[in-house]
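1. Dropping the sequence and predicted coords here.
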Amino acid sequence: MFATSAFTRLIEKSTSHLNLEPDWDSTLQICDSIRQRDIQAKFAIQSLKKKISQDNPHVSVFALGVLESCVKNCGSVIHEEIATKEFMEFLKDQAKIRPDPVRAKILELVQVWSHAFRNEPNYKVVQDTFHLMKMEGYTFPTLKEADAMFKAESAPDWADGECCHRCRVTFSTFLRKHHCRHCGNVFCNKCSSKTSIIPKFGIEKEVRVCESCYEDINGPSNSKKEDDGLPSEYLNSPLSKQPQNPPAKTEQEIKEEEDLQLAIALSKNHVKSKHTNKTNTSNSTVYSQPTVSNS
Ligand SMILES: [Zn+2]
Ligand SMILES: [Zn+2]
């Protein structure tokens, strides 16, 4: 019974209208519960559908973002649930009655999925919906490079095993197994100590990957970020040239630092980051105005 109540809490957290930015922790946990079959994909989609159709646009957009992550990271169990006439009709209806940013997000998703599923005859309804909506006059955004990399079959199933996929050490109570979020295999901590964003799965937060996936994503390991582990977006930004504070000590400071880095990583998708320093992060109004009732 982990299942439904814990999962429902994760859905609430990931789609809260109080969130300033996508909540990656709960989003990734949602993906994990589906990948590990703790939760049925059907139930997950039903829960997200309820959130998508809420009046509050922030809730809807966050729910669509979680849905996007599930589709990119959970493989066929989720694809079978969304590539149905019923679900596509639901999205099409929502696009009809909801203003931006909800409509814009739906158009983006329909286009990305239509592209990703183009060689999957079983999921033809997605492409049909895309073409139908185009004919009805909807203007779709330009397909982003990272989205174009996503293919229907690309999310591997979560593997299981008693030993590390790389060094073959046997797992135990003291030697925990970890999944690489890119290839889905199990590794010891040492063989999966690197973190990376994964553009093709839409993961904009640095997550655990194995050595070889790290190189696949970031190029050979002599790259810039060896020792400090900062996202390249940060290192390339003017912020990294500013004098640095001494290493954060308290949990609160660490949290703020992480939030800031996450915000920077996310900001590449927005016109411009509103955060100029970490003290005003929490004052951002990006998603904070409670507009319409949340019931
Ligand atoms: Zn290992
Ligand atoms: Zn890997």
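-> Thanks, I have it. Ligands and ions are numbered 1, 2, ... in the order given.
2. what about residue 206, helix or strand, and which?
-> If you go by DSSP states H and E, residue 206 is part of strand 203-209.
3. Packing partners of that strand?
-> With contacts defined as 3 or more Cβ pairs under 8 Å, 6 or more residues apart in numbering; DSSP states H and E, the packing partners of strand 203-209 are helix 24-35, helix 57-73, strand 194-198, helix 251-267. For the C-beta atoms, the positions are set from N, CA and C on the backbone; glycine is no exception.
4. mean pLDDT for those: which is lowest?
-> Taking each of those in turn, the one with the lowest mean pLDDT is helix 251-267, at a mean of 57.
5. Residue 97 - how many residues pack around it?
-> The number of residues packed near residue 97 is 9, by other Cβ atoms under 10 Å.
6. The nearest residue to residue 113 once chain neighbours are set aside and residue 206: what is the separation?
-> Nearest residue to residue 113, sequence neighbours excluded (Cβ to Cβ, 6 or more residues apart in numbering): residue 126, at 4.9 Å. Computed as Cβ to Cβ, to the nearest Å, the residue 126 to residue 206 distance reads 30 Å.
7. What distance separates the opening and closing residues of stretch 31-41?
-> Its first and final residues considered, stretch 31-41 spans 10 Å by Cα to Cα, to the nearest Å.
8. let's number from 3 now, not from 1
-> New numbering, starting at 3: the last item is stretch 33-43.
9. now it: how far from the chain's centre is it?
-> Taking the mean of its C-alpha atoms, stretch 33-43 sits 15 Å from the chain's own mean (Cα atoms, centre = their mean, to the nearest Å).
10. For the following helix or strand past the strand holding residue 208, which helices and strands make contact with it?
-> Of the helices and strands lying after strand 205-211 in sequence (DSSP H and E), the nearest is helix 213-220. With contacts taken as 3+ Cβ pairs under 8 Å, 6+ apart, helix 213-220 sits against strand 196-200.
11. So which other helices or strands are in contact with the strand it packs on?
-> strand 205-211, helix 213-220.
12. same thing but at 10 Å, please
-> Strand 196-200 is packed against strand 205-211, helix 213-220, helix 234-237, with contacts defined by 3 or more Cβ pairs under 10 Å, 6 or more residues apart in numbering; DSSP states H and E.
13. correct me, but residue 66 touches residue 115?
-> No. Between residue 66 and residue 115 there is no contact, the gap being 11.9 Å when judged by Cβ atoms under 10 Å.
14. Check the contact lists of these two and give me the overlap.
-> Common neighbours of residue 66 and residue 115, using Cβ atoms under 10 Å, 6 or more residues apart in numbering, are residue 93.
15. which of the two has more neighbours?
-> Set side by side, residue 66 and residue 115 show more neighbours around residue 115, with 26 against 22, by other Cβ under 10 Å.
16. Would it be right to say that that one lies in a strand?
-> No. Note on residue 115: no strand contains this position according to DSSP: H, G, I helix; E, B strand; the rest coil, which reports helix.
17. mind checking how far it is from ligand 2?
-> For residue 115, the distance to ligand 2 under the criterion Cβ to the ion, to the nearest Å works out to 24 Å.
18. quick one: pLDDT of that residue?
-> Residue 115 carries a pLDDT value of 95.
19. Quick one: residues contacting it.
-> With the criterion set at Cβ under 10 Å, 6+ apart, residue 115 makes contact with 70, 73-74, 81, 84-85, 90, 93, 125, 128-129, 131-132, 149, 152, 154.
20. List just the nearest of those residues to ligand 1.
-> Distance from ligand 1 was checked for each of those by Cβ to the ion. The minimum falls on residue 74, at 26.4 Å.
21. Could you report the distance from residue 200 to ligand 1?
-> Distance of residue 200 to ligand 1, computed by Cβ to the ion: 20 Å.
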